[in-house]
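Trainee: Can you look at this prediction? I've put the sequence above it.
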Amino acid sequence: MIRFWNYDREYKKINKIILKNIHKTILAGNIFFGKQLENFEKAFTKKYKAKYGIAVGSGTDALLIALKSLKLKPGDEVITAANTAIPTISAIINAGGKPKLVDVGDDYLIDIKKIKKEITSKTKVIIPVHLYGQMCDMNEIKKIAKKNKIKIVEDCAQSQGAKYKGKYSGTIGQLGCFSFYPTKILGSYGDGGFILTDDFNLYKKIKRIRFYGIETIEKNKYLNKYYANENGINSRLDEIQATILNFKLKKVDNYINKRRILAKRYLSKLSKTNLGLPFENVNCKHVYHLFTLNHKKAKTIKKMLLKLKIHTRTIYPYPIQKMKAYRSIIKNKRNLKTSEIKAKEIFSLPLYPEMKISEVDKVCYNLKKILVKI
Ligand SMILES: Cc1ncc(COP(=O)(O)O)c(C=O)c1O
């Protein structure tokens, strides 16, 4: 069987050191806000060349807190891609904003040409979603944002370590939001998230919001007292997850290299087929969080692969405007057709750092046999 994702292979290799480190962390006496968190925040921020970094409880919280820090007012609109993950949208709504969707291009990323049409006087933020591991065209997005005085919050949940014109994902907009959900580029063994920013005021505010609104940076008589300076939430990255992430962060470039090697193998083995293969845009470094392709008969292909014990997934099977929770608030459905077509035709093949080249070859061999039959 070739599973879509398999974290036990990694865990078998690193469990001794991980468990030893966790044991030490627990004995060190802090379950929250200890040395592990402090070290992780410093290391992640330095690695990705930002000024400030705050760890939070999940990628969803990272987006929610980032948007809260921008103080959305009722009716403020936030633009994002129609094919994004649910949490991008729930964060917008839970921060008090109104999602405005834009269609996607052949690279599955927000279609730059279609953004302008959705901008109104109420547009406050744009969230480019660097889906599947590749960054959006940030130069163009920056131009649009500057001209219309809107902020950029990058959704980097799937793009940690990806680059656009040499810049890391999460460092081009005002805020960059990451997820450490276990399948992600840097996966914890639980939930976790992160926010990068170069703006000291946003940094201060975000630190308050993640911890009940309590001031933990700025010197005043309430510093670190159980006193809320503003209304916050609880979104902490605990010491155990921080311990795991500290260890794995040192290996993350290696994980990305392995993903790129496996993706290259898929691309070469499948090049002469009629599958729509993923591609790396000019100026971009793709980290292949997912290897997503498209075919008119995607459903049949997936079923046939499953019979051969090869697991695939469709990420995501419904664009946002098609979901019950959101369809009534999305008014421009007619402009989102590509996202609907793509949702029906996409599927992702197994790809994770511990996967073997021989397994990629097996997937390709079987996939090509299926393509001849259908
Ligand atoms: C594009 C995108 N945004 C946000 C999230 C939310 O991250 P988390 O699952 O850590 O809350 C995810 C993860 O599923 C994602 O893929």
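Mentor: Perfect, thanks for sending it.

Trainee: tell me the secondary structure for Leu245?
Mentor: Assigned with DSSP: H, G, I helix; E, B strand; the rest coil, Leu245 falls in the helix class.

Trainee: Near it, how many other residues are there?
Mentor: 25 (other CB atoms under 10 Å). Just so you know, the C-beta spots here come from the backbone N, C-alpha and C atoms, and that holds for glycine as well.

Trainee: now the one 4 residues further on
Mentor: For Leu249, the neighbour count with other CB under 10 Å is 18.

Trainee: Would you mind naming what in this structure lies close to the ligand?
Mentor: Residues of the chain lying near the ligand by CB under 6 Å from any ligand atom: 58-60, 84-85, 87-88, 129, 155, 157-158, 179, 181, 191, 193.

Trainee: how does it look with 5 Å?
Mentor: On the criterion CB under 5 Å from any ligand atom, the ligand has as its neighbours in the chain the residues Ser58, Gly59, Thr60, Ala85, Pro87, Asp155, Ala157, Gln158, Ser179, Tyr181.

Trainee: The second one and Ile86 touch, don't they?
Mentor: No: when contacts are counted by CB atoms under 8 Å, Gly59 is not listed as touching Ile86 (11.4 Å).

Trainee: As a quick check, tell me the outermost residue of the protein.
Mentor: Centroid-distance maximum for the chain: Lys221 at 37.9 Å, with CA atoms, centre = their mean.

Trainee: In three-state terms, how would that residue be classified?
Mentor: When classified by three-state DSSP, Lys221 comes out as coil.

Trainee: Quick check: phi and psi on it?
Mentor: The phi and psi values for Lys221, taken as degrees, to the nearest 10, are phi -70, psi -10.

Trainee: which residue ranges form the strands in the stretch 251-374 of the chain?
Mentor: For the stretch 251-374 of the chain, applying DSSP state E, counting those that start in this stretch gives strands covering 284-285, 291-294, 346-349.

Trainee: what about the second one, average pLDDT?
Mentor: In this model, strand 291-294 has a mean pLDDT of 98.

Trainee: Distance from that strand to the middle of the chain?
Mentor: On the basis of CA atoms, centre = their mean, to the nearest Å, strand 291-294 sits 17 Å off its chain's mean C-alpha point.

Trainee: cool, and the first one?
Mentor: Strand 284-285 has its C-alpha centroid displaced from the chain centroid by 16 Å (CA atoms, centre = their mean).

Trainee: other SSEs contacting it?
Mentor: If you count contacts as 3 or more CB pairs under 8 Å, 6 or more residues apart in numbering; DSSP states H and E, strand 284-285 packs onto strand 163-164.

Trainee: neighbouring contacts of the strand it packs on?
Mentor: Under the criterion CB atoms under 8 Å, 6 or more residues apart in numbering, residues Met135, Cys136, Asp137, Met138, Asn139, Ser169, Ile172, Asn283, Cys284, Lys285 lie in contact with strand 163-164.

Trainee: Can you give me the neighbour number for the closest residue to the third one other than its chain neighbours?
Mentor: Across the structure, with CB to CB, 6 or more residues apart in numbering as the measure, the residue nearest Asp137 apart from its sequence neighbours is Ile112 (5.4 Å). The number of residues packed around Ile112, counting by other CB under 10 Å, is 17.

Trainee: Gly170 now?
Mentor: 30.

Trainee: Let me know whether it touches Thr197 as I believe.
Mentor: No: contact criterion CB under 8 Å: Gly170 and Thr197 do not qualify, at 9.0 Å.

Trainee: Could you pull out the residues contacting both of these two?
Mentor: Ala50, Gly176.

Trainee: just checking, what packs against the helix or strand encompassing Leu196?
Mentor: Element membership for Leu196, per DSSP states H and E: strand 193-197. Contacts defined by 3+ CB pairs under 8 Å, 6+ apart place strand 193-197 against helix 35-47, strand 52-56, helix 59-69, strand 175-179, helix 200-210.
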